[in-house]
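>>> Take this sequence and fold it.
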Amino acid sequence: MSGYCMNCVPLRPGVWAIALLQIMYGSVRIYMATLAEDEEKGFYYYLDFTGHCFSLAAAVILMLGLLFEKNNLLLPWIGLTILTPANFVGNLILNLIFFNFPGAMWLITKEGIPALLITYLITVVYTLYLQMLGKTSVDVESPAQESDTMYGTANMVFVTDASSSIVGTTPTRDFPPSYESLVVAHKEHVST
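Below you'll find the model as predicted:
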């Protein structure tokens, strides 16, 4: 596992950014949901609204865990945040079971990419959790070994037709059997 978020930001600031972005996204979605008309408020509306409330609670728990350096508060964030991809997968499976392919396609285009992104962010937070426990080491850049020559061409091995790809061995030529020996073997086989 990499010690970076998006392969360029260290884990701790990356997870802070994840928490802040989750708070902004969840707040906007809840605000937009409150603007819906009463006729549009059905089961899916309340399920979506509840999911975004859990998202805000998860972001607050994540920020508290980072602020007080409590690694145990990162796991509830993972548990609460995984509800969004789980909801996507559950709805997708239901649409596919009932052969609602247009609904499944609409679901993939509407919620598929956010579910994949959230799944990646969960792995980033879990990597930070493992680092805080001390089970993984922080990536440290190690310098490259110096070479004997200016362009790093020391200890080059050349493979030719007369050599083997394994250094220090001589190739053995194993030619295929001749046509006559194959005919004799076939005649012996057929006659028995």
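>>> how close does the residue most central in space within the chain sit to Tyr129?
The structure's the chain has its C-alpha centroid closest to Tyr120; by C-alpha atoms, centre = their mean the separation is 5.4 Å. Going from Tyr120 to Tyr129 by C-beta to C-beta, to the nearest Å gives 15 Å. For every residue, glycine as well, the C-beta is placed using N, CA and C.
>>> And Gly112, by the same measure?
From Gly112 across to Tyr129, the span is 26 Å (C-beta to C-beta).
>>> so how far is Asn7 from the residue nearest to the centre of the chain?
Separation of Tyr120 from Asn7 (C-beta to C-beta): 11 Å.
>>> got the CA coordinates for stretch 96-111 in PDB?
Coordinates of each C-alpha in stretch 96-111 appear next as PDB, following Å, rounded to 0.1, in the frame of the first residue of the first chain:
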ATOM      1  CA  LEU A  96     -30.400  -6.800 -12.700                       C
ATOM      2  CA  ILE A  97     -32.500  -9.500 -10.900                       C
ATOM      3  CA  PHE A  98     -35.700  -7.900 -12.100                       C
ATOM      4  CA  PHE A  99     -34.200  -7.400 -15.600                       C
ATOM      5  CA  ASN A 100     -34.500  -3.600 -15.300                       C
ATOM      6  CA  PHE A 101     -31.600  -3.000 -17.600                       C
ATOM      7  CA  PRO A 102     -32.500   0.700 -18.300                       C
ATOM      8  CA  GLY A 103     -32.700   1.300 -14.600                       C
ATOM      9  CA  ALA A 104     -29.300  -0.500 -14.000                       C
ATOM     10  CA  MET A 105     -27.700   1.600 -16.800                       C
ATOM     11  CA  TRP A 106     -29.100   4.800 -15.300                       C
ATOM     12  CA  LEU A 107     -27.800   3.800 -11.900                       C
ATOM     13  CA  ILE A 108     -24.300   3.000 -13.200                       C
ATOM     14  CA  THR A 109     -24.100   6.400 -15.000                       C
ATOM     15  CA  LYS A 110     -25.500   8.300 -12.000                       C
ATOM     16  CA  GLU A 111     -23.900   6.600  -9.000                       C
END
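>>> which parts of it are buried?
For stretch 96-111, a neighbour-count test (16 or more other C-beta atoms under 10 Å) marks Ala104, Leu107, Glu111 as buried.
>>> so which strand or helix has the first one?
Going back to what we said before, that points to Ala104. Assigned by DSSP states H and E, Ala104 belongs to helix 101-107.
>>> helices and strands around that helix, which ones?
Applying 3 or more C-beta pairs under 8 Å, 6 or more residues apart in numbering; DSSP states H and E, one finds that helix 101-107 contacts helix 83-97.
>>> List the buried residues for the helix it packs on?
Using 16+ other C-beta under 10 Å as the test for burial, helix 83-97 gives Leu83, Thr84, Pro85, Phe88, Asn91, Leu92, Asn95.
>>> Correct me if wrong: Leu62 contacts Trp77.
Yes: using C-beta atoms under 8 Å, Leu62 makes contact with Trp77 at a distance of 4.1 Å.
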